[in-house]
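S.K.: here is my input, please return the structure:
(chains A and B)
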Amino acid sequence: MSLADPWPWLALAVLGAYHGVNPAMGWLFAVALGLQERRRAAVLQALVPIALGHEASIAVVVLLVRGIELVAAPETLRLVGAGALILFGLFKFARPRSHPRWVGMKVTSRDLVLWSFLMSSAHGAGLMLFPVLRRLPEEGHGHDLPGLALSGASVVQDVAAVLVHTLAMLVVMGAVAVLVYDRLGVGVLRRAWVNLDLLWAAAFVTAGAITLFT
Amino acid sequence: MAQWQPDPTFYPTARQAMEAPPEQLAYVVTLNTGGNGTSKPDALCVLDVESSSPSYGQVVGRVDMPNVGDELHHFGWNACSSALCPTAPHPHVERRYLLVPGLRSSRLHIVDTKPDPRQPKIVKVIEPSELTSNAGYSRPHTIHCGPDGIYVSALGGKEGDGGPGGIFVLDHDNFSVKGPWEADRGPQHLAYDFWWHLGHDTVITSEWGTPEMVENGVNPELLLAGKYGHQLHVWDLRTRRHLQALDLGPEQQMVLELRPSHDPNKTYGFVNAVVSLKDLSSSIWLWHRDNGTWKIQKVAEIPAEPAEADQLPPALQPFGAVPPLVSDINLSLDDRFLYVSCWGTGEFRQYDVSDPFNPKETGSIRLGGIVPRGGNGNGRSLNGGPQMVEVSRDGRRVYVTQLAVRLLGRAVLPGRDPRLGGQDRREPRGRAAGRPGLLRRVRGERPHQIRLEGGDSSSDSFCFPS
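M.R.: Residues are numbered from 1 along each chain as shown, chains lettered A, B, ... in the order given. Next up is the predicted model:
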């Protein structure tokens, strides 16, 4: 594994932080659970299951990408990924508010993991990492030797990528949740919850286009 | 199009919604009662309720329904503060469309209040066939904007005029009928109102009757046999399963308007029983959770008022009394005041329900009724009493429909002076009682449900405790 090129790692962290700030990805739920129980500890307890669900959603995409690498040429993977990104972006343009139907404010930790997994997946959190995953140093990924792609180094690198992303998300999500619970109050939502739906949709199309042409 | 910030009418908590600016417009459905002939449709009217406006109290807009005979009922918004709920938030949707159900026609009208809120337009009509084929229901009645879609109650089943009634869900983006809500309805058959405790994943539904029991007026035989609704049903909002039936007793007939606490942490709410077969009284009941199970108890009773037989319509003459026939109740956003509309006696009451188990009557005014007692009664018409009631978000104005829509002025100042009336019971203190006869110029129409611009005390649901 090489850290010689810091950009993919930075991108993983920034994307994680972005999910961390997004109220729809977890901190708001954590704050609501804290308010329900009137306990700050309830806010903190909710964060880890939410991060785990997010991590699982990311991991599914990583596994999918590495799985395709095992059986297909890099060129195929690139086209499939670019197509998925563009299609998902277009879908998000068409229905920016689409999300899994979830009702239920009385949740267990297991519910929270599932909730976060569903929301992260519907948000395309893992898919957005595809361009970054491709840019991770390739020393671990023996593309010219199919069947040997999953070397130890590459697995470690992928695990590190998921962890960096999820940790960034967890830290930012936790900071925002505590700040809102302790100081700002949920009233801040009325002004601060800016609509990044179209920007997020555009990011997918852009990422897809870049993947397609580079 | 897409909004940059959440709709300004969305508030995370009910307490914060009380700081909303006063409404400037009110929407009222008016029913053609036949006085306009049989060829005129029902309508959605827009009232100017800004007190400094030159057209204050007047109908400034109107949209006629495309068909005749809808019998419009408890319409509601496409979106409300529940859009901020953390489980599946969609904060940048607009509170923009009014969903106006026709109880008799089973049609559901989608009315756009933008760009000009004074001139709303019908943009879509869901026909009965879509309702029955997709949801298996008919006779839509009450709308609530839920966290994951728009929920609508319906009195009738798929075919004919029977039951079971229930709830169906609409997509909150394109208003398509997604399907019936219930996964397991248990013993529930009758339907009317519904609402929920979002913080506790609990839905409460109430009972009136099936279409055949209500569409030709109340059937005295069924009534005396105790066949109209007398139960509440408790459901799990997540699993959509029936959990419990709460029986008020068969002598309590027609259990209607559900007003759960607005604070999602609390676990109680109020419902009105229209008439008791024992003594013609109406009553207010409290449902509440106790050790994991839900219970119900009577917390206020409004007795029938004795009257001379010659003052009464024939049906009531043997009883020598006027039943209060409470037709609607409404709970202020701070869960502090409950307003009770006694359609029969023409009394309009205010209770302080800070202690929900012990409501204290804090005010009463007279607004007509079967036998007039002061106020604006006309004594001639059963329609003359206060019927539907709506409370502004700040709790300072109460709107009541009767023959005319009446603005009761600054009826409430929470924390300062909870009295409704004062010396002059007709005109609540502060301001005159609106401009009487507001809607009277529209002859032959009866106003029903009111919705206030930006939301009110019975059309928003909150996920965050105050």
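
S.K.: can you give me the strands in the stretch 201-350 of chain B?
M.R.: Assigned by DSSP state E, counting those that start in this stretch, the stretch 201-350 of chain B shows strands spanning B:202-205, B:231-236, B:241-247, B:252-260, B:268-276, B:282-290, B:293-302, B:305-306, B:321-322, B:326-331, B:337-342, B:347-352.

S.K.: give me the below-cutoff pLDDT ranges for the chain.
M.R.: In the absence of a named chain, chain A is used. Along chain A, segments meeting pLDDT under 70 span A:1-4, A:137-150.

S.K.: if you could check chain B rather than the one you did, that'd help
M.R.: Residues of chain B that meet the criterion pLDDT under 70 lie in B:1-2, B:33-38, B:372-384, B:402-444.

S.K.: what does it have sitting close to chain A?
M.R.: B:2-6, B:8, B:10-13, B:16, B:84-93, B:146-149, B:173, B:198-201, B:237-238, B:264-265, B:463-465 (CB under 8 Å from any CB of the partner chain). Where C-beta positions appear, they are placed from N, C-alpha and C, glycine not excepted.

S.K.: and the buried ones among those residues, selectable in PyMOL?
M.R.: In PyMOL, a selection of the buried entries from these looks like this (16 or more other CB atoms under 10 Å in any protein chain shown):
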select buried, chain B and resi 6+10+11+12+13+16+84+85+86+87+88+89+90+91+92+93+146+147+148+149+173+198+199+200+201+237+238+264+463+464+465
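
S.K.: what about B:Leu258, neighbour count?
M.R.: B:Leu258: 25 surrounding residues under other CB atoms under 10 Å in any protein chain shown.

S.K.: pretty sure it is touching B:Ala273, no?
M.R.: No - using CB atoms under 8 Å, B:Leu258 is not in contact with B:Ala273, being 12.0 Å away.

S.K.: does B:Asn219 touch B:Ala225 like I think?
M.R.: No - contact criterion CB under 8 Å: B:Asn219 and B:Ala225 do not qualify, at 9.3 Å.

S.K.: the more surrounded of the two?
M.R.: More neighbours surround B:Asn219 than the other of B:Asn219 and B:Ala225, with 15 against 12 (other CB under 10 Å).

S.K.: what residues are up against the more buried one?
M.R.: Neighbouring residues of B:Asn219 by CB atoms under 8 Å, 6 or more residues apart in numbering or on different chains: B:Met213.

S.K.: ok, it to B:Pro211 distance?
M.R.: Separation of B:Asn219 from B:Pro211 (CB to CB, to the nearest Å): 12 Å.

S.K.: which residues do those two both contact?
M.R.: Common contact partners of B:Asn219 and B:Pro211 (CB under 8 Å, 6+ apart): none.

S.K.: all helices for chain B, in order.
M.R.: In chain B, the helices defined using DSSP state H lie at B:14-17, B:128-135, B:211-214, B:220-224.

S.K.: so which of these is the most packed in?
M.R.: With neighbours taken as mean count of other CB atoms under 10 Å in any protein chain shown, the helices of chain B reach their highest mean count in helix B:14-17, at a mean of 22.

S.K.: dead centre of chain A: give me the residue that sits there.
M.R.: A:Ala125 (3.3 Å; CA atoms, centre = their mean).

S.K.: that one touches A:Tyr18, doesn't it?
M.R.: No - the pair A:Ala125 / A:Tyr18 is not scored as a contact, 9.1 Å apart, by CB under 8 Å.

S.K.: now stretch B:312-325: buried residues?
M.R.: For stretch B:312-325, burial by neighbour count (16+ other CB under 10 Å) applies to B:312, B:316, B:321-325.

S.K.: secondary structure class for the closest residue to A:Leu87 other than its chain neighbours?
M.R.: Once flanking residues are discounted, A:Leu87 sits nearest to A:Gly208: 8.0 Å by CB to CB, 6 or more residues apart in numbering or on different chains. On the three-state scheme (DSSP: H, G, I helix; E, B strand; the rest coil), A:Gly208 is labelled helix.

S.K.: got a list of what A:Gly208 touches?
M.R.: A:Gly208 sits next to A:81-87, A:89 when contact means CB under 8 Å, 6+ apart.

S.K.: next one: A:His165
M.R.: A:12-13, A:15-16, A:55, A:58, A:129 are the contacts of A:His165 under CB under 8 Å, 6+ apart.

S.K.: buried ones among those residues?
M.R.: Buried members of the contacts of A:His165, counted by 16+ other CB under 10 Å: A:12-13, A:15-16, A:55, A:58, A:129.
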